[in-house]
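Novice: Build the 3D model from these lines:
(one chain, ligands or ions: 1)
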Amino acid sequence: MTTDALGPNATIGIIGGGQLGRMLALAAAELGLRTHIYCPDKDCPAAQVTDAVTHAAYDDTEALSAFSAAVDVVTYEFENIPVATVNHVAARKPVFPSAKALEVAQDRWQEKSFIRAQGFEVADFFDITDRASLNAALQETGGSGILKTRHFGYDGKGQWRLDADSDLDKVLEDLDGRAAILEALVPFEREVSILVARGRDGSTACYDVIENFHRNHTLHTSTLPAALPDHLPDADPANPHKMAEKLAHALDYVGVLAIECFVVGERLLVNEIAPRVHNSGHLTQDACHVGQFEQHIRAIAGWTLGDATAHSDAVMTNLLGDEIDQWPDLAAQKATHVHLYGKSEARAGRKMGHVTKLSAKTR
Ligand code: AMP
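Specialist: From the prediction side, this is the model:
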């Protein structure tokens, strides 16, 4: 607990009003803390469960100043918020995680360079500015790879898988001058995420490694624990938890940090980091003593971190688009934890909710 820890009825400002903001606000309420959501979208899911809400654009400096004046600390729930927005708020109130973490996570080039500089593996990557740099990079990767925009990519958006048959002119036309990198293809066996929380006092708490299964580039199912080879003792610097702690310390991070990785044999390659609570961590709400949402609130409020240990194994499945219509069946399953986000429109692929099923711990 820090000396300036937030007490009952203090207010946490949350920039962004999606389902992550909603679940953060609910977790804050459980701890007696108030929340104030800042979100341009009038129909955002978090607005339904918060004490106060500001609907204004991310570049509305007057609204951002008023929001800052009304809260005690600020956090954000997605990484595509302009850094200028966070800097404006940070000049007025403490913001966790810092704008630096956001800046690194917003740019794939900076992100991969940072991870490499900390001594961890990433896929080979190359800066792409034009046809010549793309040709040169493809020579290095053996003719295949994934072209990714440096900024604003998520759930497979802003990505092109390239091989010998690809029409590179068309791809560059679609890229439309945006900054990009080419990544070598990683022949991964599994995709996992490591969630670590770091408190304002620098202490850390890690969740067990979670395994992720995607469909159409969107997370479909996460399982706890991941089926990882049990080969790395805690003292090994490549141990997933040691890696997560090192990255969190290097960013002087406060809050929950998600690190998405590929598993290739005994190697762990970092794909990307998310400076926020993460979809793959939703199962921690039900399967761990303290879930990721409460943990994030504890961290930014200056509280002691909670126990991240799992009491159960778990499988979390996202409800996308009209899968939300299954809710009566899911609600009828007594051992299924149902979480719905209150979104009014079930567009195709939109995250509408998730369900978590627990089972006895196997390890
Ligand atoms: P990302 O937007 O970077 O999270 O990528 C979305 C998905 O594309 C990942 O979850 C992987 O399934 C796949 N992917 C991304 N980068 C690579 C890579 N370098 N090699 C193989 N698959 C990848």
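Novice: near the ligand, which residues of the protein show up?
Specialist: Selection of the chain residues close to the ligand by Cβ under 6 Å from any ligand atom yields Ala123, Ile146, Gly153, Gly156, Glu183, Leu185, Val186, Glu191, His214, His217, Asn271, Glu272. Every residue, glycine included, has its C-beta placed from N, CA and C.
Novice: which strands and helices sit next to the helix or strand where Ile194 lies?
Specialist: Assignment of secondary structure by DSSP states H and E places Ile194 within strand 190-198. For strand 190-198, the packing partners by 3 or more Cβ pairs under 8 Å, 6 or more residues apart in numbering; DSSP states H and E come out as strand 204-206, strand 210-215, helix 240-250, strand 255-264, helix 292-300.
Novice: As PDB, could you dump the C-alpha coordinates of that strand?
Specialist: Extracted in PDB, the C-alpha atoms of strand 190-198 (Å, rounded to 0.1, in the frame of the first residue of the first chain):
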ATOM      1  CA  ARG A 190       0.800 -22.400 -29.600                       C
ATOM      2  CA  GLU A 191      -0.100 -18.800 -28.800                       C
ATOM      3  CA  VAL A 192       0.000 -17.800 -25.200                       C
ATOM      4  CA  SER A 193      -0.400 -14.700 -23.100                       C
ATOM      5  CA  ILE A 194       1.400 -13.700 -19.900                       C
ATOM      6  CA  LEU A 195      -0.400 -11.200 -17.600                       C
ATOM      7  CA  VAL A 196       1.600  -9.400 -15.000                       C
ATOM      8  CA  ALA A 197       0.500  -6.700 -12.700                       C
ATOM      9  CA  ARG A 198       2.900  -4.200 -11.300                       C
END
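Novice: Partner strands of it and their direction?
Specialist: Partners of strand 190-198 in the sheet, by DSSP bridges, are strand 204-206 (antiparallel), strand 210-215 (antiparallel), strand 255-264 (antiparallel).
Novice: Save those strands as a markdown table, and put in mean pLDDT and distance to Asp176 too.
Specialist: Formatted as a markdown table, the strands paired with strand 190-198 follow (pLDDT from 0 to 100; distance: least, Cβ to Cβ, whole Å):
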| stretch | mean pLDDT | distance to Asp176 |
| --- | --- | --- |
| strand 204-206 | 98 | 40 |
| strand 210-215 | 96 | 26 |
| strand 255-264 | 96 | 26 |
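Novice: related to what we said a few turns ago, and of the residues of the chain next to the ligand, the nearest to Thr336?
Specialist: Nearest to Thr336 out of the residues of the chain next to the ligand is His214 (Cβ to Cβ; 21.8 Å).
Novice: list the buried ones in stretch 347-363?
Specialist: By neighbour count on 16 or more other Cβ atoms under 10 Å, the buried set for stretch 347-363 is Arg350, Lys351, Met352, Gly353, His354, Val355, Thr356, Lys357, Leu358.
Novice: Equivalent analysis for stretch 245-255, please.
Specialist: Using 16+ other Cβ under 10 Å as the burial criterion, the residues of stretch 245-255 that qualify are Glu245, Lys246, Leu247, Ala248, Leu251, Tyr253, Val254, Gly255.
Novice: now the residues you listed in a markdown table, with distance to Asp208?
Specialist: Putting those into a markdown table (distance: Cβ to Cβ, whole Å) gives the following:
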| residue | distance to Asp208 |
| --- | --- |
| Glu245 | 14 |
| Lys246 | 18 |
| Leu247 | 17 |
| Ala248 | 16 |
| Leu251 | 22 |
| Tyr253 | 20 |
| Val254 | 22 |
| Gly255 | 19 |
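Novice: Which member of these is positioned nearest the ligand?
Specialist: Nearest to the ligand among those: Leu247, at 16.4 Å, using Cβ to the nearest ligand atom.
Novice: Quick check, that closest one in contact with Pro275.
Specialist: No - look at Leu247 against Pro275 with Cβ atoms under 8 Å: they stay out of range, at 10.6 Å.
Novice: Mind listing the shared neighbours of those two?
Specialist: Jointly contacting Leu247 and Pro275 under the rule Cβ atoms under 8 Å, 6 or more residues apart in numbering are Tyr253, Leu257.
Novice: the strands in the stretch 1-150 of the chain, which residues?
Specialist: Using DSSP state E, counting those that start in this stretch, the strands found in the stretch 1-150 of the chain span residues 11-15, 34-38, 52-54, 73-76, 125-128, 145-149.
Novice: re earlier: could the residues of the chain next to the ligand go into a markdown table alongside neighbour count?
Specialist: Compiled in a markdown table, the residues of the chain next to the ligand are given as follows (neighbours: other Cβ atoms under 10 Å):
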| residue | neighbour count |
| --- | --- |
| Ala123 | 20 |
| Ile146 | 18 |
| Gly153 | 17 |
| Gly156 | 14 |
| Glu183 | 21 |
| Leu185 | 15 |
| Val186 | 20 |
| Glu191 | 20 |
| His214 | 12 |
| His217 | 11 |
| Asn271 | 20 |
| Glu272 | 19 |
